[in-house]
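**Q** Turn this into a structure:
(chains A and B)
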2 protein chains.
Amino acid sequence: MAVQTVVSNTGISLGPAAALSCRECGERFPLGPVFACEACFGPLEIAYDLPGGDPEALRARIEAGPDNIWRYAPLLPVPADVADKPNLNPGFTKLVRADNLARELGVTGGLYVKDDSGNPTHSFKDRVVAIAVEAARAFGFTTLSCSSTGNLAGAVGAAAARAGLRSCVFIPHDLEQGKVVMAAVYGGDLVGIEGTYDDVNRFCSELIGDPAGEGWGFVNVNLRPYYAEGSKTLAYEICEQLGWRLPDQIVVPIASGSQLTKIDKGLRELIGLGLVEDRPYRIFGAQAEGCSPVSRAFKEGHDVVRPVKPDTIAKSLAIGNPADGPYVLDIARRTGGAVEDVTDEQVVDAIKLLARTEGIFAETAGGVTVGVTRKLIETGALDPSLTTVVLNTGDGLKTLDAVAPTTGPSAIIRPNLDSFREAGLA
Amino acid sequence: MAVQTVVSNTGISLGPAAALSCRECGERFPLGPVFACEACFGPLEIAYDLPGGDPEALRARIEAGPDNIWRYAPLLPVPADVADKPNLNPGFTKLVRADNLARELGVTGGLYVKDDSGNPTHSFKDRVVAIAVEAARAFGFTTLSCSSTGNLAGAVGAAAARAGLRSCVFIPHDLEQGKVVMAAVYGGDLVGIEGTYDDVNRFCSELIGDPAGEGWGFVNVNLRPYYAEGSKTLAYEICEQLGWRLPDQIVVPIASGSQLTKIDKGLRELIGLGLVEDRPYRIFGAQAEGCSPVSRAFKEGHDVVRPVKPDTIAKSLAIGNPADGPYVLDIARRTGGAVEDVTDEQVVDAIKLLARTEGIFAETAGGVTVGVTRKLIETGALDPSLTTVVLNTGDGLKTLDAVAPTTGPSAIIRPNLDSFREAGLA
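**A** Residues are numbered from 1 along each chain as shown, chains lettered A, B, ... in the order given. The predicted structure is shown next:
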């Protein structure tokens, strides 16, 4: 169960977080660095005592808070004074009204891009890591760690540096140099593992149970219940930025599926607290065809997700056996959404479409959500007359290779007007 | 003169911008796409009718504005309804209290990093381009253009896409592929010029005077007086984020020198408007040794700047003949500041220092300012007991090559605990 008994969870104070609760059997456990249920091995998540009372007062308190995720501290598993501690303060990224893109896609009900490339290390990972940092502090961990294919490693390295924690992150040894540099530049230890990402993961699980891993918080393993909650802030921000209103439709990328389930959780919390009006909303999941186990299960009407071997340029979504896949299927079906996938070529087209219409250069994951949005409109699954929010969870600078082969100069000319005129660009 | 007589400037409404004024002879001209004085060929800048009256009311109006540079619209050459138009809305980036870095540098008076990597295309260029876009709209230009070595091209391409303008930007034909992709992905025309950056610049000046360039706004040529004003917003934001207080010391990178002079202008405006208390402040300029003409002139006590041929990894600062060099010298001397330079090795060290202390991965220009700050403390020119703000104007993702040779994994191991223990990282 990976309970680290060296760490006492007595007196752990993480704001409204009351306990850990099993998503399968409902059994509750005290807050601690645990991630699976002792009774049924189901995944644990945070159960809250959320603030009751007047929604107007809570709304005012949030609006008076800082311009980052800590404005929602009353709804997160973090100490009340979190905003005073050294951390990267991610979040409150732009919700861009995308009228140019809407025209191209035929959306008339209002189209928005939630652009998480504005986070400190330019992906949504900063949100989840920020929460994990606070959990690590609460549990007395001194080293922050993770297994990663690149992006998460950088987010953990940066967050640990700022927080004054040591970091030691694990990656497959054969990553591209650019990703290695991004992960290593923050000065923590970066360890290349001779093996695949699965080997890296397995090794991390081993390390957690070993004395060598004592005092280590693995953000996506033993801190996962806390870490995952960071994605709720996407739901909070979208609603607040829409004027405390639920979007009608929201398109979310699926890697493990955790982000989509937490966005749903966040929306339901806002309804429960009376912060937004209780109206129907639809959640859509987006995958790349080369790693589309959830999309396939959705289309085939299955409740279980059959694992696949990923083969897509959308590497940040390339999880062949997504842990939260079944929950995603539940949510898509319950809300009247869908799960869809697009080819790598459609991903590249969608990256360029978003760039040329809105000036937002998205990571491949953003190409997946924009591409899927277009496809969902074509198939009629998504209603273009309703308010729609599309997530861009990362930055195009990190996946330049995806667009490089098809993106270049319009012309090469000599430095004179004749040569320019010949190029036909005047 | 490059006055484009096809464009009428009658009825041009750019908020508080009253006229263009020559920085050398003071002659005034009506607002228009002009950048040099008809009388003396001196550079033109914007003269304002700034809002008078109660500073408290103005402060409240600004604070109630959007979380981007348009909160300062009453102080900028933009129309009053600028926030409602489609643009990238840069600015209001984080002012990071850098206590870890302060400890390493021995700064006791409060050290802050103004982190402009948080802008939409991850450099301060989004600020200046955003103002140029509004000028382009006001003058009826339909194509946005620039000469660039990469970063500005991306900023212009993105801003034009969002604003619904055509873009056509010019770069040297032999730029690295990564920079070409970043500049081309927004779908505008990107033209490679067979020649150096100087050739590109010369060609653009030719194009402005030619019918082929009719209706074209070159952000850093015929729109330069507007464009340059965008840098004032750095001064506004720093003071507001310090609680409407002037910093005691501020360290600014020098390329053309324009940014530094506009920051000084912005600070003086805030004093004049009563928005901050009138206290002394010192402005320091930072260059890379391989392109340090202003630093050399400062140290040698000259008023003029002798051009150099740049040779440094800090390419975004590599302007060998900085137009605003003499103004920078004036300001550094008037405020009790200095101009200093550091070697490329010190730039790389400083990038890593900032990354491992604060989790901020800066572009080489940020390495220059942090490195110079350290050097100024060592030489005694900068007082570590005073509040100090250091600018990071760009993102490390854009200059990975600078740190790549010296940044890598701590160890490569096999996926087992024995191999991990042997690496000595537990």
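
**Q** Please name the residues that touch the residue in the stretch 151-300 of chain A that chain B sits nearest to.
**A** Here the residue of the stretch 151-300 of chain A nearest chain B is A:Gly187; by CB to the nearest CB that distance is 2.9 Å. C-beta here means a position set from N, CA and C on the backbone, and glycine is covered the same way. The neighbourhood of A:Gly187, defined by CB atoms under 8 Å, 6 or more residues apart in numbering or on different chains, consists of A:157, A:161, B:352, B:355-356.

**Q** Show me these that map onto helices.
**A** Among these, the ones falling in helices (DSSP state H) are A:157, A:161, B:352, B:355-356.

**Q** from those residues, which two are the most distant?
**A** Spanning the widest gap among these are A:Gly157 and B:Lys352, at 11.8 Å by CB to CB.

**Q** Need the three-state assignment for A:Pro415.
**A** At A:Pro415 the chain is in coil, as set by DSSP: H, G, I helix; E, B strand; the rest coil.

**Q** Settle it for me: which of A:Gly157 and B:Lys352 has more neighbours?
**A** A:Gly157 (31 against 22; other CB atoms under 10 Å in any protein chain shown).

**Q** thinking again about what came up before, how much space separates the residue of the stretch 151-300 of chain A closest to chain B from A:Gly178?
**A** 18 Å (CB to CB, to the nearest Å).

**Q** Spell out which residues are contacts of both of A:Gly157 and B:Lys352.
**A** Contacts common to A:Gly157 and B:Lys352, judged by CB under 8 Å, 6+ apart, are A:185, A:187.

**Q** Quick check: residues of the stretch 1-150 of chain A near chain B?
**A** Taking CB under 8 Å from any CB of the partner chain as the measure of proximity, the stretch 1-150 of chain A contacts chain B at A:67, A:86, A:88-89, A:92, A:94, A:99-100, A:118, A:120-122.

**Q** Buried only: go through those for me.
**A** A:86, A:88-89, A:92, A:94, A:99-100, A:118, A:120-122 (16 or more other CB atoms under 10 Å in any protein chain shown).

**Q** before we move on, back to that, tell me which element the residue of the stretch 151-300 of chain A closest to chain B falls in.
**A** In the assignment (DSSP states H and E), A:Gly187 maps to no helix and no strand.

**Q** Could you do A:Ile250 as well?
**A** A:Ile250 belongs to strand A:249-253, assigned by DSSP H and E.

**Q** Need the nearest residue in space to A:Lys265, chain neighbours excluded.
**A** Using CB to CB, 6 or more residues apart in numbering or on different chains and skipping residues adjacent in sequence, the residue nearest A:Lys265 is A:Lys232, 5.9 Å away.

**Q** Spell out the residue ranges of the strands in chain A.
**A** Counting by DSSP state E, chain A has strands at residues A:17-22, A:28-29, A:44-48, A:95-97, A:111-115, A:143-147, A:166-172, A:189-193, A:216-218, A:249-253, A:282-288, A:339-342, A:388-392, A:411-413.

**Q** Those into JSON lines, with extra columns for mean pLDDT and mean neighbour count?
**A** Below are the strands of chain A laid out as JSON lines (pLDDT from 0 to 100; neighbours: other CB atoms under 10 Å in any protein chain shown):
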{"stretch": "strand A:17-22", "mean pLDDT": "96", "mean neighbour count": "20"}
{"stretch": "strand A:28-29", "mean pLDDT": "96", "mean neighbour count": "16"}
{"stretch": "strand A:44-48", "mean pLDDT": "96", "mean neighbour count": "21"}
{"stretch": "strand A:95-97", "mean pLDDT": "98", "mean neighbour count": "19"}
{"stretch": "strand A:111-115", "mean pLDDT": "98", "mean neighbour count": "25"}
{"stretch": "strand A:143-147", "mean pLDDT": "97", "mean neighbour count": "26"}
{"stretch": "strand A:166-172", "mean pLDDT": "96", "mean neighbour count": "24"}
{"stretch": "strand A:189-193", "mean pLDDT": "96", "mean neighbour count": "23"}
{"stretch": "strand A:216-218", "mean pLDDT": "97", "mean neighbour count": "29"}
{"stretch": "strand A:249-253", "mean pLDDT": "98", "mean neighbour count": "28"}
{"stretch": "strand A:282-288", "mean pLDDT": "98", "mean neighbour count": "27"}
{"stretch": "strand A:339-342", "mean pLDDT": "98", "mean neighbour count": "28"}
{"stretch": "strand A:388-392", "mean pLDDT": "98", "mean neighbour count": "29"}
{"stretch": "strand A:411-413", "mean pLDDT": "96", "mean neighbour count": "19"}
